[in-house]
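> Mind looking at a prediction? Sequence and model below.
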Amino acid sequence: MTTANIVFLIDIQNGFIRNNLTPEQGGCLGVPNGKKVCKPAGKLIRNLKNAFVILSQDFHPKNHVSFKSNHPNGLWPDHCVQGTESAAFVKSVMNELPFNMIKLLYIDSTLPVLMEKDERKNTFFVIRKGMNPNLDSYGIATENDGVSTTRAPRVFKDIAGTLKGRGIEKAQIHIGGLATNFCVEFSHNDIYKLLIPALNKNDIKANVNLLTDISAGIPDAFVQSGFEVSSAMKRMSEKGTTFTTTEDLFRNTVPRRGKMPQQSYMPG
């Protein structure tokens, strides 16, 4: 059975890793232990071949409704403001992206989705979420009103059609990122709600794996009941998701690519 890999990297951005970014730098909502995901996430991208790599990017306007600084009922401190250091992907991830995509990430802050390919026949998508100032988006596809969507559903349909055209019969879907009990779980639910049906419609079976070494959650002490990391992981398991690591992934399903010279692009 011919198999393809689809990898989701959720919100691995400076604003969720660092705790020292000022409001002028876009603010921060650092996830404890979030730094642990950076190196293995970069290594994962570096070793992929013939895969689809989908990165979500929290991408808020300054006046976003979820910010405590803007709204009395705001839930979060300022973070991942468009065009700031906070919104950028962490360096270990950024340096593994196609060079043209890196340039676009710094140059164009208006596009809701970016797409590029690399020399190893990987196809990369960056899907931006939280761009509506009046609506938050935890999931990569479905915004928090449960109705509005990002461009992810269209991307999912395109991926399913492409895989069918390649004669692919099975997709291994892998997901990791920040934070396990918020944007990762909500994006995981979008996979089951929108991506897997699109694949099944094209006669492609699918399995979902949570990559625990590139996932970190907000501690239970800081979340409401039902949003604990253990609760999120229980719900994901009940949907049929397997828990694994990037190393297991390399051993079992991903053809490693040879090492290539790294390109680094950082703004001057």
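Now that the structure is in, tell me what you want to look at. What you are looking at is a predicted structure, and each value in this text was computed from that prediction instead of being measured.
> Is L21 in contact with S86, as I believe?
Yes. Using C-beta atoms under 8 Å, L21 makes contact with S86 at a distance of 5.0 Å. Just so you know, the C-beta spots here come from the backbone N, C-alpha and C atoms, and that holds for glycine as well.
> In contact with the nearest residue to I168 once chain neighbours are set aside, which residues are there?
Leaving out its chain neighbours, the residue that sits closest to I168 by C-beta to C-beta, 6 or more residues apart in numbering is A4, at 4.6 Å. Going by C-beta atoms under 8 Å, 6 or more residues apart in numbering, A4 touches 50-52, 163, 166, 168, 170-172.
> so of those, which ones are in strands?
52, 170-172 (DSSP state E).
> Show the buried residues in those residues.
Buried by 16 or more other C-beta atoms under 10 Å: 52, 171-172, out of the ones in strands among the contacts of A4.
> Quickly name whichever of the residues you listed is closest to D203.
For these, the minimum distance to D203 (C-beta to C-beta) is 11.3 Å, reached by A171.
> circling back to that earlier point, in what helix or strand does the residue nearest to I168 lie?
Per DSSP states H and E: A4 is located in strand 3-10.
> Quickly run through the sheet partners of that strand, with directions.
Note on strand 3-10: by DSSP bridges, its sheet partners are strand 52-58 (parallel), strand 170-178 (parallel).
> Of those strands, which stretch is the most buried?
Mean neighbour count (mean count of other C-beta atoms under 10 Å) peaks for strand 52-58 among the strands paired with strand 3-10, with a mean of 26.
> and it, average pLDDT?
Per-residue pLDDT values across strand 52-58 average out to 98.
> going forward, begin numbering at 34 instead of 1
All set: I'll call the first residue 34, so the last point we hit is now strand 85-91.
> Mind telling me what element R161 is part of?
Taking DSSP H and E as the criterion, R161 maps to strand 156-162.
> Show me what the residue nearest to S170 when sequence neighbours are not counted bridges to in the sheet.
Leaving aside its sequence neighbours, S170 sits nearest to K162 (C-beta to C-beta, 6+ apart; 3.8 Å). For K162, the beta-bridge partners under DSSP bridges are D91.
> correct me, but K162 touches D91?
Yes. Contact criterion C-beta under 8 Å: K162 and D91 qualify, at 6.2 Å.
> Mind listing the shared neighbours of these two?
By C-beta under 8 Å, 6+ apart, K162 and D91 have these common neighbours: S170.
> Name the single longest strand found in this structure.
The longest strand of the chain (DSSP E) is strand 238-249.
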